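[1] give the three-dimensional model of this entry:
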Amino acid sequence: QVQLVESGGGLVQAGGSLRLSCAASGRISPSSYDMGWFRQGPGKEREFVAGIRWGSGRSLTADSVKGRFTISRDNNKSTVTLQMNSLKPEDTAVYFCAAAHDYRTIPQYDRAYRYWGQGTQVTVSS
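    All right, here's what the predicted structure looks like:
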């Protein structure tokens with residue numbers, strides 16, 4: 001089993017920043033996993049935000065957040081971080097961390113991810 005725990009959500013004004021963290025534990029071999037961040041806003045479907053290949057550090061970011069959000073990982077701490085800058089009200093959502101195993105490229109669809117965290121709320125006020 002793999003456990004993922006997100007932290008760092010909260011309320012911020014538009015233009016502000018937040019840093020989300022995802023701590024992974026359990027039976028996970030970081031080098032063989034892709035870690036993703038997804039979000040689900042009110043009345044919206046869950047969407048891919050960013051992903052990173054834990055072994056190589058190669059990353060992928062959705063167009064909607066490109067240039068504002070950065071994903072990174074700390075192998076020593078088994079932690080994946082999503083740095084969110086220049087936040088907009090439309091970034092308001094529950095943000096989820098997820099882990100996918102053994103894909104050729106970083107998957108951008110949620111069904112590829114086997115393990116999920118409980119989610120953390122991010123609210124951006126205008």
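[2] beta partners for residue 2?
    Per DSSP bridges, the residues bridged to residue 2 are residue 26.
[3] which residues touch it?
    24-28, 99, 114-115 (CB atoms under 8 Å, 6 or more residues apart in numbering). To be clear about C-beta, it is placed using only N, CA and C from the backbone, and glycine gets the same treatment.
[4] give the ChimeraX command for selecting the buried subset of those residues.
    In ChimeraX syntax, the buried subset of the contacts of residue 2 is picked out as below (16 or more other CB atoms under 10 Å):
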select :24,28,99,115
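[5] how about CSV for the contacts of residue 2, with distance to residue 124 added?
    Shown next, in CSV, are the contacts of residue 2 (distance: CB to CB, whole Å):
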residue, distance to residue 124
24, 26
25, 29
26, 32
27, 36
28, 31
99, 26
114, 30
115, 27
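[6] any idea how far residue 126 is from the spatially most central residue of the chain?
    Residue closest to the mean C-alpha point of the chain, counted by CA atoms, centre = their mean, is residue 37 at 2.1 Å. As judged by CB to CB, to the nearest Å, residue 37 and residue 126 stand 23 Å apart.
[7] what does residue 105 give?
    Distance, residue 105 to residue 126, using CB to CB: 36 Å.
[8] please apply the same query to residue 73.
    To residue 126, residue 73 is 32 Å away according to CB to CB.
[9] higher neighbour count, the two?
    residue 73 (21 against 9; other CB atoms under 10 Å).
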